[in-house]
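Novice: Curious how this folds, go ahead:
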Amino acid sequence: MRKKVKFLFSIFVTLFIFLSFSYGQNRSKSPYSRDLPKSPWSDQEHYFNNTSSAGSTESATNSSSAGSANGAVNASSASSRAASENPSDLPKSVKLPFPKWWEPEGLEVFKAAYPDLIFIPVFDKEINDYQIHIVKDSDTDHKKEISLYWAEGRFLPKEKLSDLSKYRKMVYPYTKYAPDPKNFTQEDIQRIKDFTSKENREKGPIDPPFLYDFIYDCKSRESLESHLVKVSFLGFSVNVHERIKKSLQRVEKRINALPESPQMKNFIENLNRIDCYNWRSVRDTENRSFHSLALAIDILPRGYYQKSIYWGWQRQWDSEFWWKTPLEKRWMPPQEVIDIFVSEGFLWGGSWIVWDNMHFEYRPEVLLFNK
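Specialist: Sure thing, here's the model as predicted:
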């Protein structure tokens, strides 16, 4: 009798794994529910992501190129260092030995990034994609809900699925290390020029705002500003979204706890201003700046103009070869500071090909995707 039970159980387990794998394979045929994005230049580990960094509040008014298109060139040496030295304290996602047919691959990244939200996936056969039901404040009287389609990691409402190419995927390859222009090939250089062209910035895809609108209640300026809180950060008062208050306070506490060194002393003593909230779009694009969501921090040192700090300003002085600016001629925060920000869920703008070295923005899902 025992042998029969064991035999039947082994058949059941084998059948379950086979069906799970088969369903996962078939699911990849969906026009919306494929894997999360891989680099379009995977042979060179390059990826440009034109998102919503915006330089400082000052650059919004004084610079014709204010607000940068976020991008990253992940040189192979930087990629290997990032993989072995990532200090992130962000939660880890669990990987199963077979596809999770009950949800799209990659949804676990968003679950880990926003643990206070409930994500309920239901496969819509008519659309051939997962509809993600998202619940916020489920244990309060202010419970809110929304349903968005997975759309390859874009989180789009049903009426926007026909405009799929207008929106970028919400996560992308990222490393915390600045790409060195010494390693650029001629092909890389041409791609950089194409990527930063006025036409691409004006007509290129934008970040899908729908999930962020729900999480941060930022669909309008009025609703966003109801969630602003004033926080003291490294001796400056800044307005940030209430959801990142604790993360930013932990960043400050950990920076202040770092061992004293000439580099850290110089960094702290020479801070000139720190900006965060500024309701606006990225210059020359339809993209909304993460400063508009009060999720981005700009740290400007005294005399920052003595070194290059932002690609848009550099391009004003050198429109042809701005991208060649050597790393040693760019202002950068200490690596320890960058590591602390990253471990608390903030991207550093200095790792984008269109560098914004003063800029940190809260994007935990991107960091978790790259762990």
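
Novice: count of neighbours near residue 297?
Specialist: Neighbour count of residue 297, defined by other Cβ atoms under 10 Å: 27. To be clear about C-beta, it is placed using only N, CA and C from the backbone, and glycine gets the same treatment.

Novice: Over to residue 178?
Specialist: By other Cβ under 10 Å, 22 other residues sit near residue 178.

Novice: Go ahead and confirm it touches residue 331.
Specialist: No. Using Cβ atoms under 8 Å, residue 178 makes no contact with residue 331, being 11.4 Å away.

Novice: Name the residues contacting each of the two.
Specialist: Both residue 178 and residue 331 are contacted by residue 357, under the criterion Cβ atoms under 8 Å, 6 or more residues apart in numbering.

Novice: got the residue ranges for the helices in the protein?
Specialist: 2-27, 57-62, 76-85, 107-113, 186-195, 198-203, 210-216, 221-225, 245-256, 262-269, 311-317, 335-343, 364-369 (DSSP state H).

Novice: Now do the fourth one, average pLDDT.
Specialist: Read it as helix 107-113. Helix 107-113 shows a mean pLDDT of 96.

Novice: got the CA coordinates for it in CSV?
Specialist: Only the C-alpha atoms of helix 107-113 are listed here, as CSV (Å, rounded to 0.1, in the frame of the first residue of the first chain):
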residue,chain,number,x,y,z
LEU,A,107,5.9,40.9,-10.4
GLU,A,108,7.8,39.6,-7.3
VAL,A,109,10.1,42.6,-7.8
PHE,A,110,7.3,45.1,-7.2
LYS,A,111,5.9,43.0,-4.3
ALA,A,112,9.2,43.3,-2.6
ALA,A,113,9.7,47.0,-3.5
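
Novice: low-confidence ranges in the stretch 1-150 of the chain?
Specialist: By pLDDT under 70, the low-scoring segments of the stretch 1-150 of the chain are 1-101.

Novice: mind redoing it with 50?
Specialist: The model of the stretch 1-150 of the chain has pLDDT under 50 over residues 19, 21-88, 93-98.

Novice: bridging residues for the nearest residue to residue 228 once chain neighbours are set aside?
Specialist: Nearest residue to residue 228 in three dimensions, chain neighbours excluded: residue 239, at 4.7 Å (Cβ to Cβ, 6 or more residues apart in numbering). Beta-bridge partners for residue 239, by DSSP bridges, are residue 230.

Novice: For residue 239, give me its contacts.
Specialist: So residue 239 contacts 228, 229, 230, 231, 276, 277, 294 (Cβ under 8 Å, 6+ apart).

Novice: I figured the fourth one hits residue 238, correct?
Specialist: The reference is to residue 231. Yes. Residue 231 lies in contact with residue 238 (Cβ under 8 Å); the separation is 5.8 Å.

Novice: Endpoint to endpoint, stretch 290-304 covers what distance?
Specialist: End-to-end span of stretch 290-304 (Cα to Cα, to the nearest Å): 22 Å.

Novice: Which of the contacts of residue 239 are buried, as a ChimeraX select command?
Specialist: The following ChimeraX line selects those of the contacts of residue 239 that are buried, judged by 16 or more other Cβ atoms under 10 Å:
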select :228,231,276,277,294
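
Novice: out of the contacts of residue 239, who's nearest residue 138?
Specialist: residue 229 (22.7 Å; Cβ to Cβ).

Novice: Could you tell me which residues make contact with that closest one?
Specialist: Neighbouring residues of residue 229 by Cβ under 8 Å, 6+ apart: 239, 240, 241, 242, 245.

Novice: Can you turn the buried part of those residues into a ChimeraX selection?
Specialist: Applying 16+ other Cβ under 10 Å to the contacts of residue 229, the buried members can be selected in ChimeraX as follows:
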select :240,241
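
Novice: Any chance of the contacts of residue 229 in a markdown table with distance to residue 112 and pLDDT as columns?
Specialist: What follows is the contacts of residue 229, written out as a markdown table (distance: Cβ to Cβ, whole Å; pLDDT from 0 to 100):
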| residue | distance to residue 112 | pLDDT |
| --- | --- | --- |
| 239 | 28 | 97 |
| 240 | 22 | 98 |
| 241 | 20 | 98 |
| 242 | 21 | 97 |
| 245 | 20 | 97 |
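
Novice: Closest to residue 167 out of the contacts of residue 229?
Specialist: Distance to residue 167 across the contacts of residue 229 (Cβ to Cβ) is lowest for residue 241, with 22.0 Å.
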